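Trainee: all I have is the shape, not the residue letters:
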């Protein structure tokens with residue numbers, strides 16, 4: 001599902017995020033992950049993980065019990081290099097199509113994170129269904145999105161950042177595509193300055 005990787009050209013007017021402006025936007029990624037409810041003892045999937053900006057901090061929280069999955073081999077290699085540089089261990093960094101999650105992960109996870117890529121997924125409900133196949137009973141799916149603000153207002157290091165205005169989704173928009181996949185909203189949290197986290201549970205779990 002290449003459309004969901006951060007380097008994909010289907011994200012019009014979006015430059016590939018680099019560490020300089022990600023660090024300016026979120027200088028403490030571990031704190032962001034904790035605010036989303038990621039905690040020790042969990043097994044986590046960082047889905048569409050890109051270059052691993054969140055994968056390493058997650059690994060430190062959950063003592064290495066995290067998988068990273070992305071379709072872009074270059075980004076997976078960058079993520080692996082970053083993890084090695086930081087001496088972070090993970091369960092696996094996997095270059096694969098997100099639609100094949102049920103076949104590529106060796107077991108279930110407690111938590112699936114999709115950060116900064118959900119807006120570009122060509123079939124968002126299908127992506128959510130794929131995530132559901134690897135979640136344990138009671139598991140969590142969190143979607144981190146840019147707020148539906150005009151792009152010219154989401155400025156980082158002096159430049160507008162993020163997807164085009166018309167691609168941005170409200171938390172209600174997210175709910176409309178996740179609910180058919182069996183997810184129910186638990187809460188929405190603010191992630192300053194420009195993001196929110198929509199946190200869902202599998203219904204009936």
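Mentor: Everything's here; your move. Since the model is a prediction, treat every value here as computed from it, not as a measurement.

Trainee: count the residues that sit near residue 192.
Mentor: Residue 192 is flanked by 10 other residues according to other CB atoms under 10 Å. Quick note: C-beta positions are derived from backbone N, CA and C, even for glycine.

Trainee: and the top strand by length along the chain, which strands flank it?
Mentor: Secondary structure of the chain read by DSSP state E shows that its longest strand is strand 135-146. Sheet pairing for strand 135-146, assigned by DSSP bridges, gives strand 109-115 (parallel), strand 195-202 (antiparallel).

Trainee: from the chain's centre, how far out does it sit?
Mentor: A distance of 9 Å separates the centroid of the chain from that of strand 135-146, by CA atoms, centre = their mean, to the nearest Å.

Trainee: next SSE after the longest helix seen in the chain?
Mentor: When the chain is parsed with DSSP state H, its longest helix is helix 73-85. Counting by DSSP states H and E, the next helix or strand C-terminal to helix 73-85 is strand 92-95.

Trainee: quick one on the thing from earlier: which outside residues touch the longest helix of the chain?
Mentor: By CB atoms under 8 Å, 6 or more residues apart in numbering, the list of residues contacting helix 73-85 from outside reads 5-7, 49-52, 55-56, 59, 68, 70, 89-90, 93-95.

Trainee: buried ones in it, by neighbour count?
Mentor: By 16 or more other CB atoms under 10 Å, the buried positions in helix 73-85 come out as 75-76, 78-80, 82-83.
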